[in-house]
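Undergrad: For reference, the sequence and a predicted model appear below.
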Amino acid sequence: MTASRRAVVIGGGIGGLTAAAALHQGGWRVTVLERARLLEPVGAAISLAPNSLRALDVIGLGDTVRDLAAWQGDGGLRTPSGRWLSRSSAAAAQERFGGPLVLLHRATLIGHLAALLPEDTVRTAAEATLADPGDADRPAVVRTAAGELEADLVVGADGIHSAVRRALFPEHPGPVYSGFTTWRVVIPVPGVEFASHETWGRGRIWGTHPLKDGRVYAYAAAVTPAGRRGGDEKAELRRRFGDWHDPVPAVLAAARPEDVLRHDVFHLAQPLPAYHRGRAVLLGDAAHAMPPTLGQGGNQAIEDAVVLAHHCGDLAAYTAARLPRTTAVARQAVRVARLNMTGNRALMAVRNTLIAGLSKAGPALFLRGFDGIADWRPPQPPYASVEADAGPRRGENT
């Protein structure tokens with residue numbers, strides 16, 4: 001790879017910045033175009049599994065994130081009354097997958113990714129469109145308000161409603177509504193002690209997890225028609241979850257209406273035929289948006305980024321490596337959403353009985369759901385101090 005090769009990344013989120021960092025370390029001249037006026041992440045916290053932490057090792061950031069994040073696993077799955085259906089531990093997660101499950105604020109990860117790049121790499125308030133994906137004989141062209149940029153590689157990391165995806169695959173139907181909306185908060189909740197948990201109710205879920213800085217990350221989801229918004233989202237959460245077990249009422253009491261983020265959930269029900277065309281490539285939600293029920297959306301974007309850097313000279317190899325894996329993970333996320341968001345009382349009773357029984361017989365369902373996902377390893381060895389596992393790399397073509 002020569003230093004003269006130029007990459008343009010459209011989108012300054014976690015996937016786009018990881019790709020920019022990996023390409024920069026591979027000798028590319030990189031420009032990141034972010035349409036927001038500030039490089040601020042949308043959302044609250046992100047759960048990172050061992051698969052994405054190993055990918056972050058490749059760009060030298062894995063150990064930093066492990067140090068900054070709260071390690072997860074001590075907790076489990078509950079009913080709205082507080083009954084435990086399944087328990088798990090951080091030690092069991094680490095033993096099963098060769099590394100921890102961790103949680104940190106998205107802003108923290110965004111800041112550390114951006115710090116890996118030269119100061120002039122990221123341009124904010126920069127609307128960009130893919131004018132020409134290019135081919136083997138001509139560069140790709142990205143159009144901005146300041147003029148056109150030619151590039152040897154264009155990375156479309158512009159999210160669920162990706163304009164780059166529409167330009168590359170105009171016949172694709174695009175994202176569909178997943179059937180539910182989500183709420184998220186990151187707030188201090190003084191004097192409240194709790195074990196991490198996710199609670200499954202009737203067409204509703206709630207999760208509460210501590211961050212390392214002492215704040216609490218809580219999320220909720222409920223089946224509801226798309227576009228239904230109330231004037232006070234805190235009041236809406238109280239209506240739906242106010243009578244659930246502790247610490248849910250305490251979190252709701254501590255939250256202000258302005259602390260609550262709400263987003264309808266969309267996913268790509270129909271996989272793309274490829275993740276590249278010409279010199280342009282897609283990653284993250286632009287390529288394979290999925291429901292958040294496995295917590296793997298950002299993790300898969302990070303995987304995409306380091307695999308793209310490995311296969312940047314052969315985009316067909318990138319598609320071959322990523323499309324089957326991400327399609328399988330996305331389909332599993334949809335299946336889990338159907339299971340944990342069901343409103344059928346009889347199905348809920350059967351579900352809860354099976355979960356409790358399976359968890360008594362072996363590892364918690366929470367951990368089993370990550371088999372074949374969290375044990376993934378990147379095709380290139382890590383830069384960080386964590387040693388590469390010499391065993392087979394699952395779920396990846398090299």
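TA: Thanks, I have the structure now.

Undergrad: going on from the helix or strand where E95 lies, what's the next piece of helix or strand?
TA: Taking DSSP states H and E as the definition, one finds E95 inside helix 90-97. The helix or strand immediately downstream of helix 90-97 is strand 101-105, counting by DSSP H and E.

Undergrad: Quick check: which helices or strands does that next one pack against?
TA: strand 45-48, helix 62-68, strand 70-72 (3 or more CB pairs under 8 Å, 6 or more residues apart in numbering; DSSP states H and E). Placement of C-beta: from N, CA and C, glycine included.

Undergrad: Turn the ones you listed into CSV, columns for mean pLDDT.
TA: Formatted as CSV, the helices and strands packed on strand 101-105 follow (pLDDT from 0 to 100):
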stretch, mean pLDDT
strand 45-48, 96
helix 62-68, 96
strand 70-72, 89
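
Undergrad: give me phi/psi at F180?
TA: phi -150, psi 160 (degrees, to the nearest 10).

Undergrad: OK, contacts around the residue positioned nearest the centre of the chain?
TA: The centroid of the chain falls nearest to G298 when counting by CA atoms, centre = their mean (1.8 Å). By CB atoms under 8 Å, 6 or more residues apart in numbering, the residues touching G298 are I14, G15, I46, L48, S52, R106, G284.

Undergrad: T208 versus G75, what's the distance?
TA: Note on G75: its distance to T208, by CB to CB, to the nearest Å, is 9 Å.

Undergrad: what's the closest non-adjacent residue to P50?
TA: Leaving aside its chain neighbours, P50 sits nearest to G99 (3.3 Å; criterion: CB to CB, 6 or more residues apart in numbering).

Undergrad: quick one: that neighbour and Q72, what's the gap?
TA: According to CB to CB, G99 stands 12 Å off from Q72.

Undergrad: In three-state terms, label F266 for me.
TA: Recorded secondary structure, F266: strand (DSSP: H, G, I helix; E, B strand; the rest coil).

Undergrad: residues contacting it?
TA: Taking CB under 8 Å, 6+ apart, one finds I160, H161, P175, V176, Y177, S178, A289 in contact with F266.

Undergrad: who's in contact with the nearest residue to it once chain neighbours are set aside?
TA: Closest residue in space to F266, ignoring its immediate chain neighbours: P175 at 4.0 Å, by CB to CB, 6+ apart. Taking CB under 8 Å, 6+ apart, we find P175 in contact with I160, H161, F266, H267, L268, A269, A289.

Undergrad: Looking at those, which two lie furthest apart in space?
TA: H161 and A269 (14.6 Å; CB to CB).

Undergrad: Measure how buried V307 is and give me the count.
TA: Neighbours of V307 under the rule other CB atoms under 10 Å: 26.

Undergrad: Would you mind giving me the confidence score for the closest residue to it other than its chain neighbours?
TA: Leaving aside its chain neighbours, V307 sits nearest to A321 (5.4 Å; criterion: CB to CB, 6+ apart). A321 is assigned 98 on the pLDDT scale.

Undergrad: any idea whether S86 is helix, strand or coil?
TA: At S86, secondary structure determined by three-state DSSP is strand.

Undergrad: just checking, it touches G75?
TA: No. Counting by CB atoms under 8 Å, S86 sits too far from G75 to count as a contact (9.5 Å).

Undergrad: related to what we said a few turns ago, distance of the residue nearest to F266 from A269?
TA: As for P175, its distance to A269 is 8 Å (criterion: CB to CB).

Undergrad: Could you count how many residues lie near the nearest residue to T144 once chain neighbours are set aside?
TA: Leaving aside its chain neighbours, T144 sits nearest to A128 (5.0 Å; criterion: CB to CB, 6+ apart). Other residues lying near A128 total 26 when counted by other CB under 10 Å.

Undergrad: Show me what counts as buried in stretch 209-222.
TA: Across stretch 209-222, burial judged by 16 or more other CB atoms under 10 Å covers H209, P210, L211, R215, V216, Y217, A218, Y219, A220, A221, A222.

Undergrad: repeat for stretch 368-380
TA: So stretch 368-380, judged by 16+ other CB under 10 Å, has buried residues G369, F370, I373, A374, D375, W376, R377, P378, P379, Q380.

Undergrad: Equivalent analysis for stretch 229-240, please.
TA: Buried residues in stretch 229-240, defined by neighbour count with 16+ other CB under 10 Å: E233, K234, E236, L237, R238, R240.

Undergrad: Now do the same for the fifth one: its pLDDT.
TA: As predicted, R238 sits at a pLDDT of 97.

Undergrad: Pretty sure it sits in a helix.
TA: Yes. Counting by three-state DSSP, R238 is found in a helix.

Undergrad: one step back: the helix holding E95 packs against which elements?
TA: Using 3+ CB pairs under 8 Å, 6+ apart, the elements in contact with helix 90-97 are strand 70-72, helix 365-368.

Undergrad: Tell me which two in the contacts of F266 are the farthest apart.
TA: H161 and S178 (13.9 Å).

Undergrad: more neighbours, the two?
TA: More neighbours surround S178 than the other of H161 and S178, with 25 against 13 (other CB under 10 Å).

Undergrad: that's a strand at that one, yeah?
TA: Yes. Counting by three-state DSSP, S178 is part of a strand.

Undergrad: is it true that it touches A337?
TA: Yes. Assessed by CB under 8 Å, S178 is found in contact with A337 at 6.4 Å.

Undergrad: so what's in contact with the two at the same time?
TA: Shared contacts of S178 and A337 (CB under 8 Å, 6+ apart): P291.

Undergrad: Count the neighbours of V251 for me.
TA: Counted with other CB under 10 Å, the neighbours of V251 add up to 23.

Undergrad: The residue nearest to it when sequence neighbours are not counted and A44: what is the separation?
TA: Distances taken as CB to CB, 6+ apart place A218 nearest to V251, at 4.9 Å, with adjacent residues excluded. Remark: distance between A218 and A44 (CB to CB) = 9 Å.

Undergrad: and for those two, which residues touch both?
TA: Contact with both A218 and A44 is made by residues R184, V185, according to CB under 8 Å, 6+ apart.

Undergrad: name the helices or strands packed onto the biggest helix by length in the chain?
TA: In terms of residue count, the longest helix belonging to the chain (DSSP state H) is helix 315-340. Helix 315-340 makes packing contacts with strand 176-187, strand 261-267, strand 276-277, helix 285-288, helix 297-310 when contacts are defined by 3+ CB pairs under 8 Å, 6+ apart.
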